[in-house]
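**Student:** Build me a model from this:
(2 chains)
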Amino acid sequence: MTGEKGDLGGGADGKHRHRVLLIEDDPPIRERLAGALTAHGDCIVAEAANLAEARTLLAQQPPDLIVADLGLPDGLAIDFLAEARERQPEIEILVISVLGDETTILAAIAAGASGYILKDALPEDIHSTALEVLSGGSPISPSIARFIVRRARGESVTDTPVPNPNAPSLTAREFDILWGIAKGLTYNEIADRLGLSRHTVPSHIKAIYRKLQVETRGEAVYEAIQYGLIKL
Amino acid sequence: MSARWRLGLGLLWLIVALAGLSIVTSTTAFSEPRRALAIESANCQPLNSAGTATGSRKIVGFPFSAPPKMPRTASTIRCDFTRDFATGEIGGAALLIPSFADSITIEVNGERVAFAQLYMMRNLRYSSFPAFAPALRDVLHEGRNHFRITLSALPGHSVALDRVFIGPEDELRPYYHARWFAAAVLPTVVVGGEIALAVVLALIWVARRREAEFGWLAATLALAAVRGSVMIPDFGFAGIDLPFWNLLAVWEAAAGLMFCAALARAPSPTLRLFAAAPLVLTILYVLSPAIGMIPMLVRAAMALVVLYLGLANWVLIRAAANGNRDALIVVPGIILLSGFVLWDLTSILDPGFSRVFLARAAYSGFLLAVAGLMTLRFVRAMRELDSTAVALSVRVAEAEAELRATYDELRARREAEAINRERARLMRDLHDGIGGELASMLALADAPAPRTQEIARHARAALTDMRLIIGSLEDYGGDLSLALVAWRERAEPQLRAAGLRLVWSVDDVPPLEKFGPAQVLDVLRIVQEAVTNVIKHAGASYVRIETSADADRIAVAICDDGADFSPGSGGSGLANMRMRADRLAGRLTMRHIGGETRIVLDLPRRGPASGDRSASVP
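**Tutor:** The predicted structure follows:
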């Protein structure tokens, strides 16, 4: 256990501080991420190098956000993250990824994450992504949006040529929003085009993530990840 | 059993059937009651047309025939004879004359009991009929009875009388029936058959024009039917006792000859010439001014018929000898027919007492042979069809298997090629990008004073490139804007870190054809290279990415407000970009207008004209 960084407790300046549980086995990266998260003084980070430590920390104090690498020395974090979300439904999850490729996205969605952070992301970006999630946003990227749309349409994202029976049942509006994101539109532009309020777009995206988390677990790719056939 | 044996056996059966048919026909036609019932002779006397005797009485033996004394006058002859009857014989007594010419009157004890005339029914068939007088008990009495038979013939005809049979009606009647059947019924039945078969053969011929034999046989049969039908009028050629239709026999024989020639595959021009002869004869017949010429023409016609039959036999036999099976099968039939025709002709030429023509009956034999031939042909055709179908299906299956094998091989090779090409591409991409960066990092880290900033820069570049490669492997469906958006995700933080603003003017553009991973990577690398150059050298405040499209081109522009990008400053980078643009069949241009540097990549919507197409398959 590596303990906590940043100010302990509720914070001397009276600001509410977010509790973040950071699970990453590579010390330099962990330090870099922790540094980025605590730099603005609005996050308290508990660091864990493996699942066992993470379990202990989770039991001690429930965090607002978990930032986790999926492949850890003592196993995949997917089940752990799902458990955490089950116990504490309002918890937010971000997955740490090297490449942000399709497999990682799928695994992240299966774990119930609302997005991912690239290991080499700029510190400001790491911090802002975490805060966006914590403030109820969904930092969905065009890649994720496109991935979801294609999967939901039954197009194969892997090599399975058959239409996916577990393809999420998204509404037409959700499709439109995802497509707008995939096309690189901002929330404002999407809201304007679809005649929505700007603030309803993130909640739509949250709803999409929730739907997907359930359905992704039936995916062949997900099983392959579980059995270690695909390395994260 | 070999085909030769089968043919031989079939032929044997045919010959047996034909022989049997001819024997049955002949015996039916010419069988007589027992001789004990016959009146062998009579006391005869010629008469003139007024009925008075013109010559002396003399005993004449039956059967007899008397040629006309003078061609222009009718001849009449009267014969008397007696017969004794016992009481028991009178009840069932009858009188039968198997044949006569031309008309006959039978009187018993001065009472006329029968009158018959061959021409009464327009006997177009030119044959003689039997006369039968049953139920004589009313005119007969015990003891000696007088019989008188008066015969008369048309001018130029012979008077003829067969034996006269008097006896029990039950015994004589079957003979009368048999003779009637042979002379009147059988020809009628055969005519019906001829008509039916003519129609069938004509239909076959219409469907299969190249089998001329069917056409000729149909013609032959149709002519025979017309000649044999008693219902067809004479078109006013009356006055001549030989009906015009009998001349059709020549046409018929000519058509028959052509049939045999076609069957023997020997339709020589000479034969055609022979077939033209009936026309001359017919014209002469129609135009003939003198009645006296008619018998001469009829004889000429007969001669022609004999000639044609002979030719037909010769043609067929020769063909059969040369191994023509069709001819071989028809030969027995035509020989049989020829025999009967000759028989009939002699009975016309010889002014004999009996003219029961059997050629028509024998026709059925001939037709039997033809039917055998047709059946054989049909069977042969079916067998050929079957074997053709089998051979075809076998060949189709073979071709299919071959095609499938070829296709599988081709596909396997294509797949292997695609994989190899893709592998080569990935290797090249990794080598160009990440490999170089890693090598640089290693060199920098191994240096006596490691330059961490530069190591970090190279590491970032390596990661960026790796993400580019991974990003390029995704399926964008040819949508350039989607690929650019994916790139933007990764590039934006990089630009932000460099203090540059990213202005995003990417509009939806129509999909590009053949826009696969290799193409995506080339486009993204061009954009990345351009942006990297801006970061490194230009000192700009913003980078703007634009897309535009027209009917057949799509353009991506990377614009910045930095210093003029001189070719010398980024030499190898620019060369790299040009090389990639060429690979995309696109055009790369760089301009500096109004304080803005503008690098434009112009791409054809149809994609690269040739090159590694399979690499573009996602």
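
**Student:** contacts, neighbours, all on C-alpha from now
**Tutor:** OK.

**Student:** got the CA coordinates for stretch B:375-384 in CSV?
**Tutor:** The C-alpha coordinates for stretch B:375-384 follow below in CSV (Å, rounded to 0.1, in the frame of the first residue of the first chain):
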residue,chain,number,x,y,z
THR,B,375,-39.1,-47.3,-82.4
LEU,B,376,-35.5,-48.2,-82.8
ARG,B,377,-34.6,-44.7,-83.7
PHE,B,378,-36.6,-43.4,-80.7
VAL,B,379,-34.9,-45.9,-78.4
ARG,B,380,-31.5,-44.9,-79.9
ALA,B,381,-32.3,-41.2,-79.5
MET,B,382,-33.4,-41.7,-75.9
ARG,B,383,-30.3,-43.7,-75.1
GLU,B,384,-28.1,-41.1,-76.7
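
**Student:** buried set for stretch B:129-147?
**Tutor:** B:F129, B:P130, B:A131, B:F132, B:A133, B:P134, B:A135, B:L136, B:L140, B:H141, B:N145, B:F147 (16 or more other CA atoms under 10 Å in any protein chain shown).

**Student:** Do I have it right that the last one meets B:D80?
**Tutor:** Yes - with contacts counted by CA atoms under 8 Å, B:F147 reaches B:D80, the gap being 5.7 Å.

**Student:** about what we covered before: just flag the most distant two among the buried residues of stretch B:129-147.
**Tutor:** Maximum pairwise distance in these, criterion CA to CA, is 28.7 Å, between B:F129 and B:H141.

**Student:** On the pLDDT front, check B:A401 for me.
**Tutor:** According to the prediction, B:A401 has pLDDT 92.

**Student:** What's the local residue count around it?
**Tutor:** By other CA atoms under 10 Å in any protein chain shown, the residues close to B:A401 number 12.

**Student:** Mind telling me what element it is part of?
**Tutor:** helix B:359-430 (DSSP states H and E).

**Student:** that older thread, out of the buried residues of stretch B:129-147, name the ones that lie in strands.
**Tutor:** Using DSSP state E, the members of these that fall in strands are B:A131, B:F132, B:A133, B:N145, B:F147.

**Student:** For the fourth one, give its distance to chain A.
**Tutor:** When CA to the nearest CA, to the nearest Å is the yardstick, B:N145 and chain A sit 115 Å from each other.

**Student:** now do the third one
**Tutor:** The spacing between B:A133 and chain A, counted by CA to the nearest CA, is 100 Å.

**Student:** doesn't B:A116 make contact with that residue?
**Tutor:** No - using CA under 8 Å, B:A133 is not in contact with B:A116; the gap is 10.3 Å.

**Student:** Residues that sit against both of the two, list them.
**Tutor:** Common contacts of B:A133 and B:A116, defined by CA atoms under 8 Å, 6 or more residues apart in numbering or on different chains, are absent altogether.

**Student:** can you pull the contacts of B:R490?
**Tutor:** By CA under 8 Å, 6+ apart, the residues touching B:R490 are B:T464, B:R467.

**Student:** model confidence over the longest helix belonging to chain A, on average?
**Tutor:** For chain A, the helix with the greatest residue count under DSSP state H is helix A:200-216. Taken as a whole, helix A:200-216 has a mean pLDDT of 77.

**Student:** on that earlier part again, please name every helix or strand in contact with the helix holding B:A401.
**Tutor:** In this structure, helix B:359-430 makes packing contacts with helix B:3-30, helix B:186-207, helix B:325-349, judged by 3 or more CA pairs under 8 Å, 6 or more residues apart in numbering or on different chains; DSSP states H and E.

**Student:** so which helix or strand takes in B:N43?
**Tutor:** strand B:41-47.

**Student:** Quick one: name whatever helix or strand follows that strand.
**Tutor:** strand B:58-61.

**Student:** Which strands border that next one, and is each parallel or antiparallel?
**Tutor:** strand B:41-47 (antiparallel) (DSSP bridges).

**Student:** phi, psi of B:R208?
**Tutor:** Dihedral angles of B:R208 (phi, psi; degrees, to the nearest 10) stand at phi -130, psi 80.

**Student:** That one and chain A, how far apart?
**Tutor:** Taken as CA to the nearest CA, the span from B:R208 to chain A is 56 Å.

**Student:** my guess is B:S440 meets B:R457, correct?
**Tutor:** No - between B:S440 and B:R457 there is no contact under CA under 8 Å: 10.2 Å.

**Student:** More neighbours: those two, which one.
**Tutor:** Applying other CA under 10 Å to B:S440 and B:R457 shows that B:S440 carries more neighbours, namely 16 against 13.

**Student:** Who are the contact partners of that one?
**Tutor:** B:I455, B:H458.

**Student:** just the one 5 residues further on next, same as before
**Tutor:** Residues near B:A445 by CA under 8 Å, 6+ apart: B:R451, B:T452, B:I455.

**Student:** What sits closest to the last one if chain neighbours are left out?
**Tutor:** If I follow you right, that is B:I455. Computed as CA to CA, 6 or more residues apart in numbering or on different chains, the closest residue to B:I455 that is not its neighbour in sequence is B:M441, at 5.1 Å.

**Student:** same thing with the first one?
**Tutor:** Using CA to CA, 6+ apart and skipping residues adjacent in sequence, the residue nearest B:R451 is B:L444, 6.0 Å away.

**Student:** Please list all residues in contact with residue 178.
**Tutor:** Assuming you mean chain A. A:A145, A:R146, A:I148, A:V149, A:I205.

**Student:** Hmm, no, I was thinking of chain B.
**Tutor:** B:T28, B:A29.

**Student:** What pLDDT does the model give it?
**Tutor:** For B:A178, pLDDT reads 86.
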